[in-house]
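Enquirer: Got a predicted structure plus its sequence, pasted below:
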Amino acid sequence: MGNITSCCESCFRSSKSQPYEPLLLENEREAVADLLQFLENRTNTNFFSGPPLAALTTLSFSDNVDLQRSAALAFAEITEKEVRPVGRETLDPILFLLSSHDTEVQRAASAALGNLAVNTDNKLLIVKLGGLEPLIRQMLSPNVEVQCNAVGCVTNLATHDDNKTRIAKSGALMPLTRLARSKDMRVQRNATGALLNMTHSDENRQQLVNAGAIPVLVGLLNSPDTDVQYYCTTALSNIAVDGANRKKLAQSEPKLVQNLVQLMDSSSLKVQCQAALALRNLASDEKYQLEIVKADGLTPLLRLLQSTYLPLILSAAACARNVSIHPMNESPIIEAGFLQPLINLLAFKDNEEVQCHAISTLRNLAASSEKNKWAIVKAGAVQSIKELVLEVPMNVQSEMTACVAVLALSDELKGQLLEMGICEVLIPLTNSPSSEVQGNSAAALGNLSSKDGRTASDDYSAFNEVWDKPEGGMHNYLYRFLTSPDATFQHIAVWTIVQLLESGDPQLISNIRGSPLLAPHIRQLATSRNSTPSSSVGTPHSARSHSDQETDTAEGQGEIQLLSRRILEFIDGDVDLSMTPGATPSQRHVAGSVDGSVTGREHDELRRSVQKAFSQNH
């Protein structure tokens, strides 16, 4: 969303020596003679200081309009060929010329000021010296050339962050908005460019909205000029960052999504890119997520996703991620053919943001449908994750492990995921420097170990194969999480151990019972009532109050105690392990259960409490 620095070029002609009325002041005669001489030797003359600037200043402050025109034209020509930081002594005469009632003087002076406003230091000084007021007056001029140069100058001034608020408060937004509808394409370009430059802060965006810019920007999306399309699309994308503005757009601009969808097929790559980004920002809201699909936005979005141009890939991936959040969009996106391109982007090592968007989209698509989970696994997503996850950046690892955790919620897929050897990469990641990667990996392992309706044919041998390896295997991972100061990690560990014990697999049960590391810490958790810090890992991404967090911590401690006691019932031999392996907790007989042990119904609730966070869309 770059700043616009384009002034209208060729809005003035080169200065020529002018015939003057005979009645000139002596200093004016000298200034004219000096200036003509300096112009003859212009390639070696510095017009921004010394005698050349003094001659221009004298002519600028003259009461003779012809002399003012000569000075203004000279300033315009000089600044077109050379721009440098200047001081007040250069800007004062130009600002004085801006206030002239002569159209030619206004036109040339505003061109000179716009040229100087390309320089960062000059931008600030022009505004500081009061340049906005005469520029606003010139924007109201009936002369198109004057409008063009004045708006171009404001466009340049608005590229500096320190100027944006002053411009917004100066009264410039209303005339800029009006001139964006100009029939002259140069004026339209400069005006929409200025409006774009004003959309980079919350406060200025709100003032633009109040000035009536939204319908103007939306209307110009259909402009035949690609620059105007780009400025307007980018400005609307910035405006759509704010939730309140998205509501206004939804209420007043029913054709906005359709227009943006059409612009994704523009002949201009930068317009395509900004259209996708604008739709991405709109798709922060549920209404727009559905509307984009309804407007057939998936077709151009898929094309952009398969582009070879990074900005297009990135914008399309970001948009697809937001659109995929809505559960009703999951199947349409899969049916539109997105799975393979998204899986291909998992290996897009040139940009980790693209990888994050792609894997997060796959995660969203898997959230609420068994059919979609099957389709994602069948398309090769898990195999790609297994091959890539240990090598990708940490942010991508977090998204990949979260995606596996969601897929592992499917009872029908657990066996297939285990056969693919996914545990071999999840276990090392439980020791990642990132707590999110640790938590997501552990949750995925827990989900793989859990099954709502176990049968005698369930195969848990995959967990035995990784009990001691890689990197200490399940055994070491469970020990680290049991001894973690994080209550969420403790909770995941004891819950997973319960699932492994309830599998009925003799080797797993023997491994857990025979571990000298696990039992002491499980006993400690079964009796401990001390609160330990709880991380945000495994919790839904929603705003929660401090009191809510305290309640959750207390409830989590209670659940950890209950699960730990249930484990002890197993490893101390109080549970009849000869019962059918496939029996659910509520079907098992627990001999000599102690007060506070977990019932079948409570156990199912605990399972859901751990799992629910990993079926959330993001």
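Expert: Arrived safely. Everything numeric here is computed off the predicted structure, so don't read it as measured data. Numbering: from 1, shown residues only.
Enquirer: what's the spacing between the helix or strand in which residue 445 is found and its chain's center?
Expert: Under the criterion of DSSP states H and E, residue 445 resides in helix 435-449. Helix 435-449 sits 26 Å away from the centroid of its parent chain (C-alpha atoms, centre = their mean, to the nearest Å).
Enquirer: do stretch 94-106 as well
Expert: For stretch 94-106, the distance to the chain centre is 45 Å (C-alpha atoms, centre = their mean).
Enquirer: What residues sit buried inside it?
Expert: Neighbour-count burial for stretch 94-106, counted by 16 or more other C-beta atoms under 10 Å, picks out 94, 95, 96, 97, 98, 100, 104, 105, 106. C-beta: built from backbone N, CA, C; applies to glycine.
Enquirer: hang on, the earlier thing: just checking, what packs against the helix holding residue 445?
Expert: Packing contacts for helix 435-449, counted by 3 or more C-beta pairs under 8 Å, 6 or more residues apart in numbering; DSSP states H and E, involve helix 394-407, helix 411-419, helix 423-429, helix 473-482, helix 487-502, helix 600-611.
Enquirer: Which SSE is immediately downstream of it?
Expert: Immediately after helix 435-449, counting by DSSP H and E, sits helix 461-465.
Enquirer: Check which helices and strands that next one is in contact with.
Expert: Partner elements for helix 461-465 (3+ C-beta pairs under 8 Å, 6+ apart): helix 411-419, helix 423-429, helix 506-513.
Enquirer: Show residues contacting it.
Expert: 418, 419, 421, 423, 449, 474, 500, 503, 505, 507, 508, 511 (C-beta atoms under 8 Å, 6 or more residues apart in numbering).
Enquirer: farthest pair in those residues?
Expert: Spatial extent of the contacts of helix 461-465 (C-beta to C-beta) is set by the pair 419 and 511 at 19.9 Å.
Enquirer: Settle it for me: which of these two has more neighbours?
Expert: residue 511 (19 against 11; other C-beta atoms under 10 Å).
Enquirer: Contacts only, for that one.
Expert: 464, 467, 475.
Enquirer: List the residues that contact the last one.
Expert: Spelled out, that is residue 475. 467, 468, 511, 515, 517, 518.
Enquirer: If we use 6 Å, what do you get?
Expert: Each residue near residue 475 by C-beta atoms under 6 Å, 6 or more residues apart in numbering is listed here: 467, 468.
Enquirer: Which of the contacts of residue 511 sits closest to residue 489?
Expert: residue 475 (15.7 Å).
Enquirer: so how far is residue 445 from that closest one?
Expert: 12 Å (C-beta to C-beta, to the nearest Å).
Enquirer: for the host helix or strand of residue 317, what is the average pLDDT?
Expert: In this structure, residue 317 sits in helix 310-323 according to DSSP H and E. Helix 310-323 shows a mean pLDDT of 97.
Enquirer: With stretch 419-432 instead?
Expert: 95.
Enquirer: Could you do stretch 255-265 as well?
Expert: The predicted model gives stretch 255-265 an average pLDDT of 96.
Enquirer: all helices of the stretch 101-250 of the chain, in order?
Expert: 103-116, 120-128, 132-139, 144-157, 161-169, 173-179, 185-197, 202-210, 213-219, 226-239, 243-252 (DSSP state H, counting those that start in this stretch).
Enquirer: How about residues contacting the second one?
Expert: Helix 120-128 is contacted by residues 85, 116, 117, 157, 160, 163, 166 when judged by C-beta under 6 Å, 6+ apart.
Enquirer: Grab the nearest non-local neighbour of residue 528.
Expert: Spatial nearest neighbour of residue 528, chain neighbours left out: residue 561 (7.3 Å); criterion: C-beta to C-beta, 6 or more residues apart in numbering.
Enquirer: secondary structure element for the one you found?
Expert: Assigned by DSSP H and E, residue 561 falls in helix 546-571.
Enquirer: For the stretch 251-400 of the chain, just list every one of the helices.
Expert: 256-263, 269-282, 286-294, 298-305, 310-323, 330-335, 339-345, 352-365, 370-378, 381-388, 394-407.
Enquirer: Nearest to residue 565, out of the ones you listed?
Expert: Proximity to residue 565 (C-beta to C-beta) singles out helix 394-407 among the helices of the stretch 251-400 of the chain, at 26.1 Å.
Enquirer: elements contacting that closest one?
Expert: If you count contacts as 3 or more C-beta pairs under 6 Å, 6 or more residues apart in numbering; DSSP states H and E, helix 394-407 packs onto helix 352-365, helix 435-449.
Enquirer: Including mean neighbour count, distance to residue 27 and mean pLDDT, could those go into CSV?
Expert: Conversion of the helices and strands packed on helix 394-407 to CSV gives the following (neighbours: other C-beta atoms under 10 Å; distance: least, C-beta to C-beta, whole Å; pLDDT from 0 to 100):
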stretch, mean neighbour count, distance to residue 27, mean pLDDT
helix 352-365, 25, 63, 96
helix 435-449, 26, 75, 94
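Enquirer: can you redo the ones you listed as JSON lines with distance to residue 248?
Expert: As requested, the helices and strands packed on helix 394-407 are exported to JSON lines (distance: least, C-beta to C-beta, whole Å):
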{"stretch": "helix 352-365", "distance to residue 248": "27"}
{"stretch": "helix 435-449", "distance to residue 248": "35"}
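Enquirer: nearest to residue 318, of these?
Expert: That would be helix 352-365 among these, by C-beta to C-beta, at 5.3 Å.
Enquirer: about what we covered before: show me which of the contacts of helix 120-128 is closest to residue 390.
Expert: The closest of those to residue 390 turns out to be residue 160 (C-beta to C-beta; 45.7 Å).
Enquirer: Apart from its neighbours in sequence, what residue is nearest the closest one?
Expert: residue 123 (4.4 Å).
Enquirer: burial count for that neighbour?
Expert: Residue 123 has 21 neighbouring residues, counting by other C-beta under 10 Å.
Enquirer: and the angle for the helix or strand harbouring residue 68 with helix 120-128?
Expert: Take DSSP H and E as the rule and residue 68 turns out to sit in helix 65-81. Counting by axes from the mean of the first three to the mean of the last three C-alpha atoms, to 10 degrees, helix 65-81 lies at 150 degrees to helix 120-128.
Enquirer: Okay, buried residues for helix 65-81 please.
Expert: By neighbour count on 16+ other C-beta under 10 Å, the buried set for helix 65-81 is 66-80.
Enquirer: List the contacts of the closest residue to residue 330 other than its chain neighbours.
Expert: Nearest non-adjacent residue to residue 330, counting by C-beta to C-beta, 6+ apart: residue 365, 4.9 Å away. Applying C-beta under 6 Å, 6+ apart, we find residue 365 in contact with 324, 330, 334, 372.
Enquirer: again, but for residue 221
Expert: 232, 259.
Enquirer: Also residue 323?
Expert: Taking C-beta under 6 Å, 6+ apart, one finds 283, 289, 292, 329 in contact with residue 323.
Enquirer: With pLDDT as extra columns, can I get the residues you listed in CSV?
Expert: Compiled in CSV, these are given as follows (pLDDT from 0 to 100):
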residue, pLDDT
283, 96
289, 97
292, 97
329, 96
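Enquirer: which residue is nearest the middle of this protein?
Expert: residue 318 (7.4 Å; C-alpha atoms, centre = their mean).
Enquirer: For it, give me its contacts.
Expert: By C-beta under 6 Å, 6+ apart, the neighbours of residue 318 are 280, 357.
Enquirer: now it: how far from residue 423?
Expert: Computed as C-beta to C-beta, the residue 318 to residue 423 distance reads 32 Å.
Enquirer: same check, this time on residue 240
Expert: To residue 423, residue 240 is 43 Å away according to C-beta to C-beta.
Enquirer: Based on its surroundings, how many neighbours for the closest residue to residue 419 other than its chain neighbours?
Expert: Residue nearest to residue 419 in three dimensions, not counting chain neighbours: residue 462, with 7.0 Å by C-beta to C-beta, 6+ apart. A total of 20 residues lie near residue 462 under the criterion other C-beta under 10 Å.
Enquirer: And for residue 485?
Expert: Residue 485: 10 surrounding residues under other C-beta under 10 Å.
Enquirer: what would the helices of the stretch 101-250 of the chain look like in CSV with mean pLDDT and distance to residue 29?
Expert: Output for the helices of the stretch 101-250 of the chain, formatted as CSV (pLDDT from 0 to 100; distance: least, C-beta to C-beta, whole Å):
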stretch, mean pLDDT, distance to residue 29
helix 103-116, 94, 20
helix 120-128, 94, 31
helix 132-139, 93, 28
helix 144-157, 94, 30
helix 161-169, 89, 40
helix 173-179, 93, 40
helix 185-197, 93, 38
helix 202-210, 86, 49
helix 213-219, 94, 50
helix 226-239, 96, 46
helix 243-252, 92, 59
